[in-house]
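Colleague: Pasting the sequence and the predicted model now:
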Amino acid sequence: MTANSRCSAAEPPGLETQRREIESLLRECELRAGDSWYVVERRWYEQWKEFVETGDQNSSSFPGQIDNAELFEDLDSYHLKERLVENEDFMLVPAEAWHKLLSWYGMVDSQPPLERKVVDLPSTLKVEVYPVEIFLCLHSNMENVITAQFSRADNIQSIQRAMCEAFSVPAGSECRLWMKSSDSSCERLRNVHVSVLDACLSSGMTVIMETRNADGTWPSSRPQIMRNSVEEQDSYRGQPGVCGLTNLGNTCFMNSALQCLSNTPPLTEYFLQSSYLEELNFTNPLGMKGEIAEAYADVIKQMWSGRHYSVVPRVFKTKVGHFASQFLGYQQHDSQELLSFLLDGLHEDLNRVKNKEYIELRDADGRPDQEVAEEAWRNHRRRNDSVIVDTFHGLFKSTLVCPECLKVSVTFDPFCYLSVPLPVSKERVMEVFFVSLDPYAKPAQHRVVVPKAGKVSDLCLALSEMTSVPPSQMVVADVFNHRFYKIYNADESLSCILDRDDIFVYELSVLEEQQEEQVLLALYLRERSHYRDYGSGSSSYGATLFGHPLLLNVPRSSCSREALYTLFLQRLARYVRPPDPSEELEEEEEEDEDDDEEELYKTQTNGISDEEEQEDTEKAGPSQAHPSCCDSSSNSQSDDCATATPQPDQNHTQPLVADGDSETNNGSQNQTEPPCSADATDRTEDSNPRTNSSGATANADSEPAATDPPQPRDTTEEEKEEDKQEEACSPSLPTNEQPAKRRACRKRRKSLFTIQAVNSNGTTERGTGEGGSAVSFSSQPYVAIDWDPEMKKRFYNENEAEKYVKHSSMEVPQQQTTVQLQECIELFTTVETLEEENPWYCPVCKKHQLATKKLDLWSLPEVLIIHLKRFSYTKFTREKLDSIVDFPLRDLDFSGFLLRKNLSNGEPPSRYDLIAVSNHYGGLRDGHYTSYACNKDNGQWYYFDDSKVTYARADQIVTNAAYVLFYHRQDKIRKPTLPAPNTSPASSTQPANDITPCKEDEAELGAASYVTMETD
């Protein structure tokens, strides 16, 4: 019935019938939310009542056509007068009664019917006489504003339709609405299915509509796009999907996961076709109110617009951090963990099930597998129905067996991805330096194979087979920063030793007479300084550690300074030149007249000296003399342990220089140490910036560090590295100093170096020595030989000291472990016993049991994600497995792994083709994520490294960096619609930011060599 319908139908019924029907409708019709009622002018309605009550068709009270003119402010806009009152100014009649009256009497020309909706207010149902009047405009033209009225019961989608019609928006355009209140703040009208009332829209507000740009961005929040110039923004046209993602700071893990999902055809087409708009779930308490799905859709539409070199996913990153606090900030994360969160978030945001029902799971109880599996999948779909379930969810069978009562529990559980273990080798390869007892033999670098769960004694045994030295004559130590970080006991686990550690194995001497006690002596080398520092309020001297320490077996009776001096000269004979008789090395020896004078201990903090030695400025006459090496009873001898001027690179253990390397140093005082050999192991970079000054400098009289060596304990990699870094920047090493006094002097021969008892850090000890010895035997003894810089320059050959030789075992190339993907899947389906932390409650035994568990694949999804568990975590160790997993790019056949061998007609096959790979380069603490992916439109493989995209070849994809694999079932793969691009070298003349092909010689590491490997 139109607004100006007339009574053109048959004659109306009798007046009594009219009265009875209308009064019956008014009496029986109840208010229901959403129903339509009509406004009728009261005077007309009262006249109609009078007319029908008279019973006379010819009465003068005939009301005529329905006329609401008295209710309007003017007859041009038909705008309702304000403050009209029901039953005084107008009457409300239900829709059925209105249509009867309209058919009987018609309506005045051009007057609109005053239809009003029943709205559900917080405490009552009410006919909405005055609808919401709002202003409408487009984001692109804010000046063109129109006014429209909407019921509070209308949904936002009706406003969107009205705006599209009013502003002639092209059909198929993706739109979104913003609500602007009087204070100029804008808020997204995210859910178009809610009512105007629930959206809090009120009269006087403005609704702004914007349409998505052709490049996938929105006009109101156009992100920063990486361009070379403004002109390129609209002129660039590239292959859709071939688009980089900017690294926002340690976000390569996110970029890698997004590129893999972006190149998953069914999911990407779902978003590009805007199918998600009708399935956004804003009420799911497990979801993110549709925000993750919308943020992901924005990224995908920008990447597949073909108009960007690179997109900045800043809004997406913010949304992810908002809903998953573990991804807040810019720390390093795992791409598989983000992938797991994202798939779950997208599923809940797009779940078609609005109200999840409670379903009680049943055990198999001997029922056929087919029946139990169908029931489990049916129950899963009753609560979970989304594009993620359609694309990524499969079903596996879980069988638990109680070890006590043998109760068998069978359940079928859905999965979104398979996390398959890698076969772990029971052996490991270690590289160590063997230091022979022969003083003229250079250290030899060996590569030995030891049990991964073995002990230090196993390392000695393996090395013994190569050197013919008995394991009992070996001691193993970790050398760091010119000192022993740890001296290992034979029964300690090899898991304490990391691959990056500098491990030295020392051959020990065995005395023929075993009656005398042997002392394992740790020897450090230190260089004294010419200078003294007043900056810290101290006038003390210090020493700097250098070179490689030694471990020696010494009879306890030979621990006097004289005996040790001779022994040390013998052990250092290869690179310490003994003085010729012609060389003048005499000096004056001081004899204190006051032997009881108290030792003075000063403190120096920064290890930097800036003044000449004290003996140059003393006016008391003779300089301080070195003690006689046979004077072992005095612990306060002045050793001239002046603070050494720090030398470059002395904060690291000096890498040995292999024979044949060019000599770069003649042992001069201030030259840097020899460059590292390519084969020499070195300490991790991040200990360098935290080292105090530029060397480990000893300074006098700071509190001596503990004398105990580090106790054996299980440490994680991070703890061990942090301990080493703390030691690298530990306070400078204290030495003893004797103040100038009146002395009687006599001539004696000057020694090359002096011997000083120290602790494990190389810090000078006080009050050490017992029984006439130069060292303390209360714990592991450490001594240092302190060199005067001039003596070191003349008699110590740094080049020779750093040389080493390579054993033939180093020439044997290391075999890269390769495993087949099928082996990993077989491991996934093998029987395992539950861990103590995760027991199973047996319903028969009524207690938790360490049951055996077996997983079998029952049904597979359209897109299968396989996560290779490269990161191995145990109670004491963590490691990354760098094995190459050989996975097929085409025809991965799962038929042998499916529990159902005979598929019924119509069921999909189980052959898959690879479509994407997420790569991880690096180790546990740092690394970089990239990805390979096959473009769905042209079938070309690309390598995505953050914002950089390059062509890739099929033979580059299988590497030891592969971490997460994406496979697409063959029956769902559609053929590329575009020809493959030209990837010949001639096409490399494209712009630098454009797609450039990898060179032939860059294929070895799967384009990793083509990438500047940044460490996140």
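Modeller: Now that the structure is in, tell me what you want to look at. Residues are numbered from 1 along each chain as shown.

Colleague: what pLDDT does R749 get?
Modeller: For R749, the pLDDT comes out at 61.

Colleague: for T983, same thing?
Modeller: Looking at T983, its pLDDT stands at 66.

Colleague: ok, F327 - how many residues close by?
Modeller: Counted with other CB atoms under 10 Å, the neighbours of F327 add up to 21. Where you see a C-beta, it was placed from the backbone N, CA and C, and this is true even at glycine.

Colleague: again with H308
Modeller: Neighbours of H308 using other CB under 10 Å come to 25.

Colleague: State the helix or strand in which it lies.
Modeller: Following DSSP states H and E, one finds H308 outside all helices and strands.

Colleague: Okay, it and G172: tell me how far apart.
Modeller: 22 Å (CB to CB, to the nearest Å).

Colleague: Give the other helices and strands that the longest strand along the chain contacts.
Modeller: With DSSP state E setting the assignment, residue counts place strand 542-555 as the longest strand in the chain. Applying 3 or more CB pairs under 8 Å, 6 or more residues apart in numbering; DSSP states H and E, one finds that strand 542-555 contacts strand 474-480, strand 483-487, strand 503-507, strand 518-528, helix 561-571, strand 697-699, strand 782-787, helix 798-801.

Colleague: And that strand, what's buried?
Modeller: Across strand 542-555, burial judged by 16 or more other CB atoms under 10 Å covers 542-554.

Colleague: returning to what we had before: tell me the most buried of the helices and strands packed on strand 542-555?
Modeller: strand 697-699 (a mean of 32; mean count of other CB atoms under 10 Å).

Colleague: could you give the mean pLDDT of it?
Modeller: The average pLDDT within strand 697-699 is 39.

Colleague: got it, and stretch 869-881?
Modeller: So the average pLDDT for stretch 869-881 ends up being 74.

Colleague: okay, how far is it across it, tip to tip?
Modeller: End-to-end span of stretch 869-881 (CA to CA, to the nearest Å): 8 Å.

Colleague: go on, stretch 383-393?
Modeller: 13 Å.

Colleague: From the rest of the structure, what touches it?
Modeller: 264, 266-267, 270, 275-276, 279, 343, 346-348, 350-353, 356-357, 359, 380-381, 414-417, 861-863, 865 (CB atoms under 8 Å, 6 or more residues apart in numbering).

Colleague: Pick out the residue closest to the middle of the chain.
Modeller: H333 (0.8 Å; CA atoms, centre = their mean).

Colleague: All the strands of the stretch 51-200 of the chain, in order from the start?
Modeller: Here the stretch 51-200 of the chain has its strands, by DSSP state E, counting those that start in this stretch, at 90-94, 115-120, 125-127, 132-138, 141-150, 175-180, 186-189.

Colleague: where does the stretch 901-1016 of the chain have low pLDDT?
Modeller: The model of the stretch 901-1016 of the chain has pLDDT under 70 over residues 901-908, 983-1016.

Colleague: mind putting the buried residues of strand 542-555 in CSV, distance to N144 and pLDDT included?
Modeller: As requested, the buried residues of strand 542-555 are exported to CSV (distance: CB to CB, whole Å; pLDDT from 0 to 100):
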residue, distance to N144, pLDDT
G542, 80, 76
A543, 83, 83
T544, 78, 87
L545, 79, 89
F546, 80, 90
G547, 82, 90
H548, 82, 90
P549, 83, 93
L550, 88, 91
L551, 87, 90
L552, 93, 88
N553, 95, 87
V554, 97, 86
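
Colleague: Now the two most distant members of those residues.
Modeller: Spanning the widest gap among the buried residues of strand 542-555 are G542 and N553, at 30.1 Å by CB to CB.

Colleague: quick revisit: burial count for the nearest residue to the residue nearest to the centre of the chain once chain neighbours are set aside?
Modeller: Counting by CB to CB, 6 or more residues apart in numbering, F253 is the residue found nearest to H333 once chain neighbours are left out, at 4.8 Å. By the measure other CB under 10 Å, the count of residues near F253 is 25.

Colleague: helix, strand or coil for F253?
Modeller: Secondary structure, DSSP: H, G, I helix; E, B strand; the rest coil: F253 is helix.

Colleague: Surely L827 touches V420?
Modeller: Yes. At 6.7 Å, L827 counts as touching V420 under the criterion of CB atoms under 8 Å.

Colleague: okay, and for the protein, where does confidence drop off?
Modeller: The low-confidence ranges in the chain, as defined by pLDDT under 70, are 1-10, 182-184, 222-235, 511-516, 530-541, 583-749, 765-778, 874-877, 901-908, 983-1016.

Colleague: measure the residue nearest to H333 to K846 for me?
Modeller: Separation of F253 from K846 (CB to CB): 44 Å.

Colleague: Give me the phi and psi angles of D955.
Modeller: Main-chain dihedrals, D955, degrees, to the nearest 10: phi -80, psi 0.

Colleague: Just give me the neighbour total for it.
Modeller: Neighbours around D955, by other CB under 10 Å: 9.

Colleague: Secondary structure class of E16, three-state.
Modeller: Three-state call for E16 (three-state DSSP): helix.

Colleague: Now for the closest residue to Q57 other than its chain neighbours: which residues touch it?
Modeller: Excluding the flanking residues, the one nearest Q57 by CB to CB, 6+ apart is L15, at 6.8 Å. Each residue near L15 by CB under 8 Å, 6+ apart is listed here: 51-57.

Colleague: hmm, which of those are the buried ones?
Modeller: 51-52.

Colleague: so of the contacts of L15, which ones are in helices?
Modeller: In this view, the contacts of L15 that belong to helices under DSSP state H are 51-54.

Colleague: possible to save those as JSON lines with distance to L520?
Modeller: Putting the ones in helices among the contacts of L15 into JSON lines (distance: CB to CB, whole Å) gives the following:
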{"residue": "F51", "distance to L520": "123"}
{"residue": "V52", "distance to L520": "121"}
{"residue": "E53", "distance to L520": "123"}
{"residue": "T54", "distance to L520": "128"}
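
Colleague: Going by distance to A954, which of these wins?
Modeller: V52 (87.6 Å).

Colleague: From what I see, the closest one and P12 are in contact.
Modeller: No. Between V52 and P12 there is no contact, the gap being 10.0 Å when judged by CB under 8 Å.

Colleague: Now do the shared contacts for these two.
Modeller: Common neighbours of V52 and P12 (criterion: CB under 8 Å, 6+ apart): Q18.

Colleague: which residues of the stretch 201-350 of the chain fall in strands?
Modeller: 206-211, 244-245, 310-311.

Colleague: Parallel or antiparallel, list what pairs with the longest one.
Modeller: The pairing partners recorded for strand 206-211 under DSSP bridges are strand 132-138 (parallel), strand 175-180 (antiparallel).

Colleague: could those strands go into CSV alongside distance to E30 and mean neighbour count?
Modeller: Shown next, in CSV, are the strands paired with strand 206-211 (distance: least, CB to CB, whole Å; neighbours: other CB atoms under 10 Å):
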stretch, distance to E30, mean neighbour count
strand 132-138, 24, 18
strand 175-180, 33, 18
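
Colleague: okay, these in JSON lines with distance to L328 next?
Modeller: As requested, those are exported to JSON lines (distance: least, CB to CB, whole Å):
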{"stretch": "strand 132-138", "distance to L328": "36"}
{"stretch": "strand 175-180", "distance to L328": "27"}
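
Colleague: Cool, thanks, talk later.
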